[in-house]
Every structure is written in structure tokens, then in C-alpha cells.
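Asks: Just a sequence and a predicted model for now, questions to come.
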Amino acid sequence: MPEQLKEAKQKVAGARQTIRALESKVALIVYVARDAEDKVLSPVLCLCEQGGVPVRYVDSMEQLGKACNIKVGAAVAAITEE
């Protein structure tokens, strides 16, 4: 489980919120679940590449959801500026 994400004070979970954070240039690190659908991940990974935001991979959406303290899985999540 990504401890850095779990302990982060400011974070967002889900594709829509992560894309918003990337477009606003407040995302510091993006976490991506390996079992998420490509159509969800593609725009996020593209924005990460354009903005030079590091991407870390997590084994499953369930694991990423737990790291964000949510009861459902998450395809992507990000640590944001405080």
C-alpha cells in the first residue's frame, strides 16, 4: 500500500478530481491502479506526461481506494499541494 499517499494531508481520489488537480497544476504525485481501464487512465497519464508529474503504480483499485480512506476502489489518486 502506498504509505506516502495514505499519510498525505491533501489528496484527491478518482479520475475526475485527479484530472482537475493536474489541470490546476496542484498534483504532486499521481497513483494509478494497474487493474483500471485504459480509457480512464489515458487522459490522466497524458496530463502527467505533459506536466512532468511523477506516476506511481499500485496493484489494484481496491488497494488505492483503501489508501485514500474510501470504501470503493479508485482507478487513480493524487497527492496535491497543501
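Replies: Thanks, I have the structure now. Bear in mind the structure is a predicted one, so any value in this text is a computation, not a measurement.
Asks: how about the strands in the protein?
Replies: Secondary structure of the chain (DSSP state E): strands at 11-13, 27-33, 55-58, 76-80.
Asks: I'd like to know which of those is closest to Lys39.
Replies: strand 76-80 (12.3 Å; C-beta to C-beta). For every residue, glycine as well, the C-beta is placed using N, CA and C.
Asks: any idea how far the longest helix seen in the chain is from the chain center?
Replies: Of all segments of type helix in the chain, defined using DSSP state H, the longest is helix 38-51. Computed by C-alpha atoms, centre = their mean, to the nearest Å, the chain-centroid distance of helix 38-51 equals 11 Å.
Asks: Return the alpha-carbon coordinates of it using PDB.
Replies: In PDB, the C-alpha atoms belonging to helix 38-51 read as follows (Å, rounded to 0.1, in the frame of the first residue of the first chain):
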ATOM      1  CA  ASP A  38      -7.200   2.200 -20.200                       C
ATOM      2  CA  LYS A  39      -9.900   4.600 -21.200                       C
ATOM      3  CA  VAL A  40      -9.900   6.000 -17.600                       C
ATOM      4  CA  LEU A  41      -6.100   6.100 -17.300                       C
ATOM      5  CA  SER A  42      -5.200   7.500 -20.800                       C
ATOM      6  CA  PRO A  43      -6.200  11.200 -20.200                       C
ATOM      7  CA  VAL A  44      -4.600  11.100 -16.700                       C
ATOM      8  CA  LEU A  45      -1.300   9.700 -17.900                       C
ATOM      9  CA  CYS A  46      -1.300  12.100 -20.800                       C
ATOM     10  CA  LEU A  47      -1.700  15.100 -18.400                       C
ATOM     11  CA  CYS A  48       1.000  13.600 -16.100                       C
ATOM     12  CA  GLU A  49       3.400  13.400 -19.000                       C
ATOM     13  CA  GLN A  50       2.700  16.900 -20.200                       C
ATOM     14  CA  GLY A  51       3.100  18.400 -16.700                       C
END
